[in-house]
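Asks: Sequence and computational prediction follow.
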Amino acid sequence: MRLGSGAFAASCVAIEVLGVAIFLRGFFPAPVRSSSRTEHRAEPPAPEPAAGAHSNWTKLPPPLFNKVVIVLIDALRDDFVFGSKGVKYMPYTSYLVEKGASHSFVAEAKPPTVTMPRIKALMTGSLPGFVDVIRNLNSPALLEDSVIRQAKAAGKRVIFYGDETWVKLFPKHFVEYDGTTSFFVSDYTEVDDNVTRHLDTVLKRGDWDMLILHYLGLDHIGHISGPNSPLIGRKLSEMDSILMKIHTSLLSKERETLSPSLLVLCGDHGMSETGSHGASSTEEVSTPLILISSSFERRPGDIRHPKRVQQTDLAATLAIGLGLPIPKDSVGSLLFPVVEGKPVREQLRFLHLNTVQLSKLLQENMPSYEKDPGFEQFKMAERLHGNWVKLHLEENRSDVLLSLGTKVLRQYLGALKTLSLSLSTQVAQYDIYSMAVGTVVVLEVLTLLLLSTPQALCRGADLEVPLRSPVFSLLFYLVFLVLSAIHVIVCTSATSSCYLCSLPWPVAGGLMVLVSALLCAIVSTLTRTVIESTLLRKNAALPSSRWSEMDLLLMLGTAGHVLSLGASSFVEEEHQTWYFLVNTLCLALSQETCRSCFPGDDSKPQHSVHMLQDSAVYRAPILHRAGHTSPSSEALGGHTRWAILASPWLVLACCRLLRSLNQTGVQGAHRPDLGLWLTSSDHKVELSGLAALSLLVIFLLVQRGCSLVSRAALALGLLGVFCYRAAIGNVLFPWQPGNKGFSKGIIEARFVYVFVLGILFTGTKDLLKSQVIAADFKIKTVGLWEIYSGLVLLAALLLRPHNLPVLAFSLLIQTVMTKFIWKPLRHDAAEITVMHYWFGQAFFYFQGNSNNIATIDISAGFVGLDTYMEIPATFLTVFGTYVGPVLWASHLAHFLSSEASSGPALSRACFCYALICSVPVATYLILVTSLRYHLFIWSVFSPKLLYEGMHLLITAALCALFTAADQNSRAGPIQRWTLEMGGS
């Protein structure tokens, strides 16, 4: 079966996407869980440690608080409350922290620092899996034990207002609720007003036991304008007044009921310096946790500094405070200051219940639990507790009882800390079987691509895909039987859950067939390659091939980047790798332009032609025409020669300017940059001027290849982009007096979307017309450019105003490289493809992205939307994140298709692009498997794995675009020959 190398590469990448999906399903594991979690039976509480024949407590202690109100402010950083902003904008809260009846803590949130996993941690006390960062977009019902489930089982009435994620996690648990969408980040006013409007009514009523309020406005402000926006102070003041209203209402109710209430102020996660979250920086993981109650005694002058605790500790504390069983999966410890004022016997009882629950969880998840230091401490504390109970029941009031009680308390607290740490480090059990199968699929595809490289890059760029012979070969059936046997053995002997074992047999069998067919195809391709290379050596017809300096640079640079992925520091600072490679490429191109413009007597051409007659490598200039040779210095005009010489240095200068626009990574993210200066409220005029200039440059660089109608649509669309940014207050019109009259910009953004869709439709129509109808070859070129122009207009709309220069510089570099480097120097398709890939990766980081989830700009997913729609929001967010790689790949498709004599260059480019994207993915799967117990596996390597998976998915879509355009280039010569014959 013969396939074009582009279609073959697109098919391979699609299979790789399947393999990576299987790997991700096995790699992101299920966290530590109790074996009895699905039954949710009410188990009797552990009795007080027995002391001979004496009686002991066998029931849960009574609740410490009559009512509990939880005020969760999304993205509330600890310094927003305990720092200077708290003193300035939250005076009432600061007073309660410094002098009121309260206990203050800094609660550490484990990554991923996104809302849904943090809610689970707060209510269940467990550590959610990292894959919850994906589920955060559409939260499923929570099946684990939680404080809310226990409260409902105990007959307590729970009311909720705020983020609808709670309603999805806890369906049918609230007697009254009003959910608001958490993903429409452009709204930071109504989303909180919809919560506050219920307060006056519900606080007057007494028919509830637990009230939960989740405010989203602060988080939305962070996503829009960052933590230093003046809107932050206003929102904090609003939250402070709400907290004062709730607290004073609870105090008035306490005077009537004479029973204390508990007010909890907390955040689910923090906020990075760019206003986002998801990673593990100090600003993102540090959240305030303030417990306020009249039952907490505080003497005058008692200064309490916030202590650092874990976010998971709140679940156990709330359960004890409400007189409920601690959630079975909780790995948190009771916050001891809450019960410090109680009698010693009650304190010991609370601590004993917590340590018993943690020890049970340890026994169910660690085979050698008896050797764990925390378990040994627990057993020792339990024995001492029994002795203390015996002395207490004997009414012994001596100093021995006091000192023994103090010792037991210390022993319990030490056991709690050690047990919690042991359970937190035992975060997961990997699905090794699924990981292995996914890795094998990806490695098989990569091997097939590597073996097919000589044939794929030949003159015809066609591949003989060995499908028929492997499927009907004996080896195929033997491999299939062996894999089926392994599958049966693994699934029947597995002690833990396995994803592939849960699949229906036809699906699992289809996967075994795929793995077997790929293996047989590899063997067949390898055999054919060995035979053909042997024949070529015997014939001695192969001219000696050599690598140019540019080939070596591109190959070694790509290989060096792949090897760097094994180090956590290089993953965190990957942008430095791409900056270095792009700068080195510019210097190499500068040397090459000098050789081309000033050849010496002994100079040798850098781009020699290597051709093999059959399945050999073809490396010829894609712009080579019959009768043309490499350009000589005499053929180049004086201005053209100097432009060619200056172009690499111009590109290098542009890249240096872009580096200073957005600081990214871990080491330099906190440093001031030009983007931070532009986005400050004091420099809105400068930002407006720069944005307008960037949009003008974008129009001038893009319009040259568009039709008249598309050119007008592009101009109006770019004008609409500026109007949209002015409507939401990012930039100013010259006649706009100040920051007044802002809106959500829905109309302006949709105005731009109309032109985006119109330009894309026109380009797609031309592309199809060039394929179906025997038309002029230029129609396809114009169609591809208009598709590219539509994507540029969409990128201009989604990128933040300070990133518009990134888009303008990207277009400028593409123009300079096309006119003064790639065409005059006549690089081949493989080299041009690798250069486009390098620049695409560099521009991914130029726009401020990194390998941290926190740098994803989710506000791009809600441009022009007045409500949350999952599919459009996801598409816009992904496109806004991967603007650089997508635009550079689209430019590559147009550039290679713009020359009628390029032949199968686009097909070869598609193959090269798929290969260069597949190598780091396959390598990284092996690396993360070997480093799965690394200290930074969740904070560094796992986010990068998600980025690699998404990049591979985008590569599959780009390869489909390449293949579609390549069909046109294959049909073009036949159609033109038909027209010529008809005309003659």
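Replies: In hand now; what should we look at? Predicted model only: the values in this text are computed from it and were never measured.
Asks: With adjacent residues omitted, what lies nearest to residue 325?
Replies: residue 150 (5.7 Å; C-beta to C-beta, 6 or more residues apart in numbering). The way it works is simple: take the backbone N, C-alpha and C, and place the C-beta from them, glycine included.
Asks: can you tell me which residues contact that neighbour?
Replies: Listed by C-beta atoms under 8 Å, 6 or more residues apart in numbering, the contact partners of residue 150 are 319, 324-325, 327.
Asks: most surrounded residue in these?
Replies: Most neighbours among these, by other C-beta atoms under 10 Å: residue 327, with 28 neighbours.
Asks: Take the helix or strand that residue 596 is a member of, keep the C-alpha atoms, and write them as PDB.
Replies: Using DSSP states H and E, residue 596 sits within helix 574-597. Coordinates of each C-alpha in helix 574-597 appear next as PDB, following Å, rounded to 0.1, in the frame of the first residue of the first chain:
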ATOM      1  CA  GLU A 574      13.100  25.300  29.000                       C
ATOM      2  CA  HIS A 575      12.600  28.700  27.400                       C
ATOM      3  CA  GLN A 576      16.300  29.300  27.900                       C
ATOM      4  CA  THR A 577      17.100  26.300  25.800                       C
ATOM      5  CA  TRP A 578      15.000  27.500  22.900                       C
ATOM      6  CA  TYR A 579      16.300  31.100  23.200                       C
ATOM      7  CA  PHE A 580      19.800  29.700  23.000                       C
ATOM      8  CA  LEU A 581      19.000  27.500  20.000                       C
ATOM      9  CA  VAL A 582      17.300  30.300  18.100                       C
ATOM     10  CA  ASN A 583      20.100  32.800  18.800                       C
ATOM     11  CA  THR A 584      22.700  30.200  17.700                       C
ATOM     12  CA  LEU A 585      20.700  29.600  14.500                       C
ATOM     13  CA  CYS A 586      20.800  33.300  13.700                       C
ATOM     14  CA  LEU A 587      24.600  33.300  14.100                       C
ATOM     15  CA  ALA A 588      24.900  30.300  11.800                       C
ATOM     16  CA  LEU A 589      22.600  31.900   9.300                       C
ATOM     17  CA  SER A 590      24.800  35.100   9.500                       C
ATOM     18  CA  GLN A 591      27.900  33.000   8.600                       C
ATOM     19  CA  GLU A 592      26.000  31.300   5.800                       C
ATOM     20  CA  THR A 593      24.800  34.600   4.300                       C
ATOM     21  CA  CYS A 594      28.400  35.900   4.400                       C
ATOM     22  CA  ARG A 595      29.600  32.900   2.500                       C
ATOM     23  CA  SER A 596      26.800  33.300   0.000                       C
ATOM     24  CA  CYS A 597      27.400  37.000  -0.600                       C
END
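Asks: so how far is it from its chain's centroid?
Replies: 30 Å (C-alpha atoms, centre = their mean, to the nearest Å).
Asks: Spell out the residue ranges of the strands in the stretch 851-984 of the chain.
Replies: Taking DSSP state E, counting those that start in this stretch, the stretch 851-984 of the chain contains no strands at all.
Asks: Residue nearest the middle of the chain, spatially speaking?
Replies: residue 853 (4.1 Å; C-alpha atoms, centre = their mean).
Asks: count of residues packed around the nearest residue in space to residue 662 that is not next to it in sequence?
Replies: Nearest residue to residue 662 in three dimensions, chain neighbours excluded: residue 848, at 3.6 Å (C-beta to C-beta, 6+ apart). For residue 848, the neighbour count with other C-beta under 10 Å is 23.
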